[in-house]
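Student: How does the following fold in three dimensions:
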Amino acid sequence: MAKAPDFDVLIVGAGISGIGMAAHMEMTSPDRSYAIVERRQNLGGTWDLFRYPGIRSDSDMHTLGFVFEPWRHDKSIADAPSILEYLNQIVDERDIRRHIRYGHKVVSADWHSAEACWHVTVELEDGSQTVMTAGFVYLGSGYYDYDQPYDPGFDFGEFKGQVIHPQFWPEDLDYAGKQILVIGSGATAVTLVPSMARGASGAAHVTMLQRTPTWMFSRPAKDRLANLLRKILPSEWAYRITRWKNVKMQDFSFKMARDKPEKVKTALKTRIEKALGADYDEATFTPPYNPWDQRLCLVPDADLFEAMKAGKASIVTGKIARFTQDGVELESGETIKADIIVTATGLKLAVAGKISVSQNGVPVDFSQRFYYKGCMFSNLPNLAVVFGYLNASWTLRADIISEYVCRVLNEMAKKGATIAEPALAADHGLVEDDIFDFSSGYIQRGKHIMPKNAIGYPWRLNQEYLLDRKIMREGPVDDGILTFSNVAETPEEDQSQLEAAE
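Tutor: This next block holds a predicted model:
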């Protein structure tokens, strides 16, 4: 008989996804043992890694927050310190902190069929390695490379100033009174520009250089309805109502953008023109794609537009010809002076946290596996991963996946099974679909490494939360596709030979 694994479930990553899974296990699978391994020295994932000025959510916290834990702050568009406070409160109140092991970087994970468990190799801070075994592995390690952001291949040549990437922001950077050039027009750039321009200690001027415009929309950082409801209702009720309202609004807005893009374009441009007044330039805010072909950039309290009106920030559209000693020269011949250049050029996608995953010693190529219910993979047992929504808050998917995996764990316990595997025949005949119908650069660059998507459910990663929630919560776990089994009893001699062969 194979010995029991160290843990029933090993959760990789102590960010939103990992903490959410631990909380759901505490609530619905409390008899299962678990550990969270985190490569860094702090919890929080993205919200601890990124330290650039103004780092905040670009989704409201009534949907980026967990379904089980109300968001009680006045601002629903929250900064990183507030989000970390929220996560720390959860791990303390739910006795999760003692399960977290910091300084544990998962290097590889190999599924051993003979033992019905994963052998997970972990690198410790001193460089040594250890192996942990787990019946089930839950990857809450995010979707991007923590070590390497996207490199557009800039040659900074003669430039004499500082060059910084937001993913590796220096703690002691002094940019007061300086000329800043932020290259990029995504969520990071839209956050950085007004933040660096703000206040007496801010930059002299911040220029956002965009190759192409991005669709932006402004909304208040505070949700007036949520704050009103909290005054007259218990916080749990107020949170539930606000969350449902925001989910429905997100769903409506996305579908409207897909069904009536011209109408949405007009509405977005009208709001920006109202915010900027005479400073509005239509070309600067008109992308060459439809709204929600890429994720919309949130401008809370119109802070970017206010910085532009105050003369502290500006947006320039153009392509870089070369970097000069004191800035850049564009292909148009225009020059932009800069003391500091910030390359907000995007992330680099990573599958399974760059962990080397194998099955009985054979490397797993995720690009050749189909998603199962957006969280497991064809013919790969006892493993789940979180890849959040592109058109809504990350946590919406993290919540329903955590709930679903707990249902799977409970079904395994009910059946006395040690293996849960989405079974897909070699002659499946599935018709593939575009896994991400989005034109964002980081999505397009990473498509080749992503798992496959079928047209028909359950072999796909959906981008429709309300449908997914219904299926994941109400659909049968034992659906005839997810197979439940045990390792066959094997005589000790045969078992030892099998293990030696592995």
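Student: make it CA atoms for all contacts and neighbour counts henceforth
Tutor: OK.
Student: and the helix or strand containing Ala275, what does it pack onto?
Tutor: Per DSSP states H and E: Ala275 is located in helix 261-276. Packing contacts for helix 261-276, counted by 3 or more C-alpha pairs under 8 Å, 6 or more residues apart in numbering; DSSP states H and E, involve strand 216-219, helix 235-259, helix 303-309.
Student: got TSV for those, with distance to Gln162, mean pLDDT and mean neighbour count too?
Tutor: Below are the helices and strands packed on helix 261-276 laid out as TSV (distance: least, C-alpha to C-alpha, whole Å; pLDDT from 0 to 100; neighbours: other C-alpha atoms under 10 Å):
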stretch	distance to Gln162	mean pLDDT	mean neighbour count
strand 216-219	29	92	18
helix 235-259	39	93	17
helix 303-309	23	96	20
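Student: Of the ones you listed, which is nearest Ala4?
Tutor: helix 235-259 (39.6 Å; C-alpha to C-alpha).
Student: now the strands for the stretch 351-500 of the chain?
Tutor: Here the stretch 351-500 of the chain has its strands, by DSSP state E, counting those that start in this stretch, at 356-359, 362-363, 371-372, 376-377, 383-385, 419-422, 482-485.
Student: Contacts for the third one, please.
Tutor: Strand 371-372 is touched from outside by 377-378, 422, 451-453, 458-461, with contacts defined as C-alpha atoms under 8 Å, 6 or more residues apart in numbering.
Student: how deep is the closest residue to Leu304 other than its chain neighbours tucked in, by neighbour count?
Tutor: Nearest residue to Leu304 in three dimensions, chain neighbours excluded: Pro194, at 5.0 Å (C-alpha to C-alpha, 6 or more residues apart in numbering). For Pro194, the count of nearby residues is 27 (other C-alpha atoms under 10 Å).
Student: Neighbouring strands - and their directions - for the longest strand seen in the chain?
Tutor: Longest strand of the chain, by residue count under DSSP state E: strand 129-139. Next to strand 129-139 in the sheet, as set by DSSP bridges, lie strand 7-12 (parallel), strand 117-123 (antiparallel), strand 383-385 (parallel).
Student: Residues touching the shortest one, excluding its own?
Tutor: Residues lying outside strand 383-385 but in contact with it, judged by C-alpha under 8 Å, 6+ apart, are 136-140, 352, 375-377, 405.
Student: Most neighbours among those residues, which one?
Tutor: For these, neighbours tallied by other C-alpha under 10 Å; top is Gly140, 28 neighbours.
Student: from memory that one sits against Val12, does it?
Tutor: Yes: Gly140 is within contact range of Val12, at 5.4 Å (criterion: C-alpha atoms under 8 Å).
Student: Are there residues contacting both of those two? Which ones?
Tutor: Gly18.
Student: and which of the contacts of strand 371-372 is nearest to Glu282?
Tutor: Closest to Glu282, out of all of the contacts of strand 371-372 and judged by C-alpha to C-alpha, is Leu461, at 35.8 Å.
Student: Now for the closest one: which residues touch it?
Tutor: Contacts of Leu461 by C-alpha under 8 Å, 6+ apart are 371-375, 435, 453.
Student: Surely Phe50 touches Pro170?
Tutor: No: using C-alpha under 8 Å as the test, Phe50 is too far from Pro170 to be in contact (10.3 Å).
Student: Who has more neighbours out of those two?
Tutor: Ranked by neighbour count (other C-alpha under 10 Å), Phe50 and Pro170 place Phe50 first, with 16 against 12.
Student: any chance of the helices and strands packed on helix 261-276 in a markdown table, plus distance to Thr286?
Tutor: Output for these, formatted as a markdown table (distance: least, C-alpha to C-alpha, whole Å):
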| stretch | distance to Thr286 |
| --- | --- |
| strand 216-219 | 9 |
| helix 235-259 | 15 |
| helix 303-309 | 15 |
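Student: Among the ones you listed, which comes closest to Thr418?
Tutor: The nearest among those, by C-alpha to C-alpha, is helix 235-259 at 35.9 Å.
Student: now for that closest one, which elements pack on it?
Tutor: Helix 235-259 packs on helix 61-64, helix 224-232, helix 261-276, going by 3+ C-alpha pairs under 8 Å, 6+ apart.
Student: Make JSON lines out of the ones you listed and add distance to Gly186, mean pLDDT and mean neighbour count.
Tutor: Converted to JSON lines, these look like this (distance: least, C-alpha to C-alpha, whole Å; pLDDT from 0 to 100; neighbours: other C-alpha under 10 Å):
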{"stretch": "helix 61-64", "distance to Gly186": "19", "mean pLDDT": "95", "mean neighbour count": "26"}
{"stretch": "helix 224-232", "distance to Gly186": "27", "mean pLDDT": "94", "mean neighbour count": "15"}
{"stretch": "helix 261-276", "distance to Gly186": "16", "mean pLDDT": "95", "mean neighbour count": "16"}
